[in-house]
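**Student:** what's the 3D shape of this:
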Amino acid sequence: MSAGGRDGRERHQVYFDRLSTASTSSTSGLGATAGAGSTSQVSTSSTSGMGATAGAGSTSQVYFHKLSTASTSSTSQAGPARGLLALFTLLGGHGLSLLGNVITVIVVPLYVLHDTGSVLATGVAGVFATLPVIVGGALGGVLVDRIGFRTAAIVADLASGATILLIPVLAATTGLPFPVLLTLVFLSGLLDTPGNTAKSALVPDLAEAAGLSVTRATGIHSAVSRSAAMLGASVAAICVVWLGPLNALLIDAATFAASALLLWLGVPRHADAGPAAAEAAASTELPAGWRGYWADFAAGLRFLWQRPLLRYLVLMIVVTNCFDAAGITVLMPAYASTVGADGAIFGVMVAVFSGGALSGAALFTWLGHRLPRRPLLVLSFFLAGAPPYLAMAAGVPVPVLLAVLAVAGLAAGSINPLITTVLYERVPREFRARVLGAMTTGVSLGLPLGSGLAGVVVSAAGLVPVLLVIGVLYALVTLAPLTGGSWRGIERADGESVSVAP
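**Tutor:** Okay, the predicted model is just below:
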């Protein structure tokens, strides 16, 4: 149920997780995860056989070496204090943009449900909200690697804020037909996903400059995501009652603008690979234009496909994200409408889950490096996914459901930072954004499918049977890592080097 992801479930980005992420990461969880909680990213021990494509061979290795050397030397000169300031500025911008995203994730389904009275239309809106995560994750990662992490994050925030702002503006002026709403929701998600990828790709570099371990940095990153999800859900619940759904989107647009300003002022320009990339391209025979773009894109996909652990993680998260997307966009809003006419309890549910996830992320930051990863992943996924759905199906009192969501969130809090840590350990910097983007695409494949099917199935079979089936299937899927094999590779790979074969 990163986010995840969605912040990401942007998951991503897990979806109750990805909500706080987007995941995302953006793996599986409540952001798209409302109610489930996990999401987004990955790693593996196998690095051979990567096979860079034409144009990604020896010359590009020289180019990437120059980028890495330039970035390392410049960031090391800044000192730990400046590195900490840059890292926390990045996390502040990330938190602001996710806060607004959570408001949108909650407000848009409620607006559609109240405006149309149709669960099916709500499911369609969920498809348009989640499909761009797939497209933007796949195609945006290469662009982020090329233009630089910092620049990509700023541009994406500004563009996403503009599209979100148009929704209430059009509604108050010329009108907001349903197809126009769907288009704007799609465009906002399409632009936002590369921005989240760029912010995530900056974390290891800024953590190194600040003298923090990657495990602790990812734990803090996840805690910020959870905090943003919790606050955003609370704000959304208040706005739905006091201001009306669409007015809440003005807050979303403002958070994107504030995030872009923070990144521009606080993240140093030497964290951006753009200028170095242009210099390297002038002195080497790197591929140009779209031919080189698709070569880079294919290289990122191969990096994931040739590593069994990454494949298995993607497959598991695709399935759980399918459940989580159904939960956050259809099942939970529909359940909330049975509890109260305004559905405001939906925002409270997301806030409680996110509060538990914040505590879980904080615990991971403190204890995560001491715990075995595979048992932790299984236990966290299991508790974060099935119990909320089964509790809603059983019709438990609202206070009991909120307690179940709090425990599920606590378990989900470790999922994103755990998977992201493994990914950062094994992916070279020059491939980071495209692999993160490809990962986001892979784990997001289930999002539009889950949203679309949920609307159809609930309309035909009713809410309770669907909740029960999803709860049982979720529990079974999350036990997959216990089968062993390549899943054992999720444990630490101390001393293992990462290489990209020519």
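**Student:** Please count neighbours and contacts with C-alpha atoms only from this point.
**Tutor:** Noted.
**Student:** For the stretch 201-350 of the chain, which segments count as helices?
**Tutor:** Using DSSP state H, counting those that start in this stretch, the helices of the stretch 201-350 of the chain run over residues 214-242, 245-266, 274-283, 289-305, 308-326, 332-339, 345-367.
**Student:** tell me, which of those is the model least confident about?
**Tutor:** Mean pLDDT is lowest for helix 274-283 among the helices of the stretch 201-350 of the chain, at a mean of 40.
**Student:** Tell me which of the helices of the stretch 201-350 of the chain sits nearest to residue 86.
**Tutor:** Closest of the helices of the stretch 201-350 of the chain to residue 86 is helix 245-266, at 5.6 Å (criterion: CA to CA).
**Student:** Could you look over the helices of the stretch 201-350 of the chain and pick the most buried one?
**Tutor:** helix 308-326 (a mean of 29; mean count of other CA atoms under 10 Å).
**Student:** ok so, going back, now the helices of the stretch 201-350 of the chain in a markdown table, please, with extra columns for distance to residue 112.
**Tutor:** Converted to a markdown table, the helices of the stretch 201-350 of the chain look like this (distance: least, CA to CA, whole Å):
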| stretch | distance to residue 112 |
| --- | --- |
| helix 214-242 | 13 |
| helix 245-266 | 10 |
| helix 274-283 | 41 |
| helix 289-305 | 36 |
| helix 308-326 | 15 |
| helix 332-339 | 10 |
| helix 345-367 | 14 |
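**Student:** Which of those helices sits closest to residue 123?
**Tutor:** Of all these, helix 308-326 comes closest under CA to CA, at 8.0 Å.
**Student:** same for that closest one, what does it pack against?
**Tutor:** Packing contacts for helix 308-326, counted by 3 or more CA pairs under 8 Å, 6 or more residues apart in numbering; DSSP states H and E, involve strand 27-28, helix 119-147, helix 289-305, helix 432-444, helix 446-461, helix 463-477.
**Student:** circling back: and residue 82, which of the helices of the stretch 201-350 of the chain is closest to it?
**Tutor:** With CA to CA as the measure, helix 245-266 is the member of the helices of the stretch 201-350 of the chain nearest residue 82 (9.6 Å).
**Student:** Outside of that closest one itself, which residues are in contact with it?
**Tutor:** Outside helix 245-266, the residues within contact range by CA atoms under 8 Å, 6 or more residues apart in numbering are 85-86, 89-90, 92-94, 96-97, 99-101, 103-104, 107-108, 110-111, 150, 153-155, 157-158, 160-162, 164-165, 167-168, 236, 239-240.
**Student:** Mind doing that once more with 6 Å?
**Tutor:** 86, 89, 93, 96-97, 100, 107, 111, 154, 157-158, 161, 164-165, 168, 239 (CA atoms under 6 Å, 6 or more residues apart in numbering).
**Student:** what angle separates that helix from helix 214-242?
**Tutor:** Angle of helix 245-266 versus helix 214-242, following axes from the mean of the first three to the mean of the last three CA atoms, to 10 degrees, is 150 degrees.
**Student:** Tell me which of the helices of the stretch 201-350 of the chain approaches residue 488 most closely.
**Tutor:** helix 308-326 (8.4 Å).
**Student:** Quick one: work out the angle between that closest one and helix 289-305.
**Tutor:** Going by the same axes, to 10 degrees, helix 308-326 is angled at 100 degrees with respect to helix 289-305.
**Student:** all numbers from here: first residue = 45
**Tutor:** Sure, I'll start numbering at 45, so the last one becomes helix 352-370.
**Student:** Restricting to C-alpha, output helix 352-370 in PDB.
**Tutor:** The C-alpha trace of helix 352-370 is given here as PDB (Å, rounded to 0.1, in the frame of the first residue of the first chain):
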ATOM      1  CA  PRO A 352      17.900 -10.900 -11.000                       C
ATOM      2  CA  LEU A 353      17.400  -9.200  -7.600                       C
ATOM      3  CA  LEU A 354      16.300  -6.000  -9.400                       C
ATOM      4  CA  ARG A 355      13.900  -7.900 -11.600                       C
ATOM      5  CA  TYR A 356      12.300  -9.700  -8.700                       C
ATOM      6  CA  LEU A 357      11.900  -6.500  -6.700                       C
ATOM      7  CA  VAL A 358      10.300  -4.800  -9.700                       C
ATOM      8  CA  LEU A 359       7.900  -7.700 -10.200                       C
ATOM      9  CA  MET A 360       6.900  -7.800  -6.600                       C
ATOM     10  CA  ILE A 361       6.400  -4.000  -6.400                       C
ATOM     11  CA  VAL A 362       4.400  -3.900  -9.700                       C
ATOM     12  CA  VAL A 363       1.900  -6.300  -8.100                       C
ATOM     13  CA  THR A 364       1.700  -4.500  -4.700                       C
ATOM     14  CA  ASN A 365       1.500  -1.100  -6.400                       C
ATOM     15  CA  CYS A 366      -1.400  -2.400  -8.400                       C
ATOM     16  CA  PHE A 367      -3.200  -3.000  -5.100                       C
ATOM     17  CA  ASP A 368      -2.000   0.200  -3.600                       C
ATOM     18  CA  ALA A 369      -3.200   2.300  -6.600                       C
ATOM     19  CA  ALA A 370      -6.600   0.700  -6.300                       C
END
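**Student:** gap between that helix and the chain center?
**Tutor:** Centroid separation for helix 352-370 versus its chain: 13 Å, with CA atoms, centre = their mean, to the nearest Å.
**Student:** again with stretch 407-419
**Tutor:** 21 Å.
**Student:** Residues touching that stretch, excluding its own?
**Tutor:** Applying CA under 6 Å, 6+ apart, the set of residues contacting stretch 407-419 from outside is 260, 263, 458, 535.
**Student:** end-to-end on that stretch?
**Tutor:** Terminal residues of stretch 407-419 are spaced 16 Å apart (CA to CA, to the nearest Å).
**Student:** same check, this time on stretch 212-230
**Tutor:** Start-to-end, stretch 212-230 (CA to CA) is 15 Å.
**Student:** Stretch 378-394 now?
**Tutor:** Stretch 378-394: ends 14 Å apart by CA to CA.
**Student:** To residue 492, which of the helices of the stretch 245-394 of the chain lies closest?
**Tutor:** Closest among the helices of the stretch 245-394 of the chain, using CA to CA: helix 352-370, at 7.2 Å.
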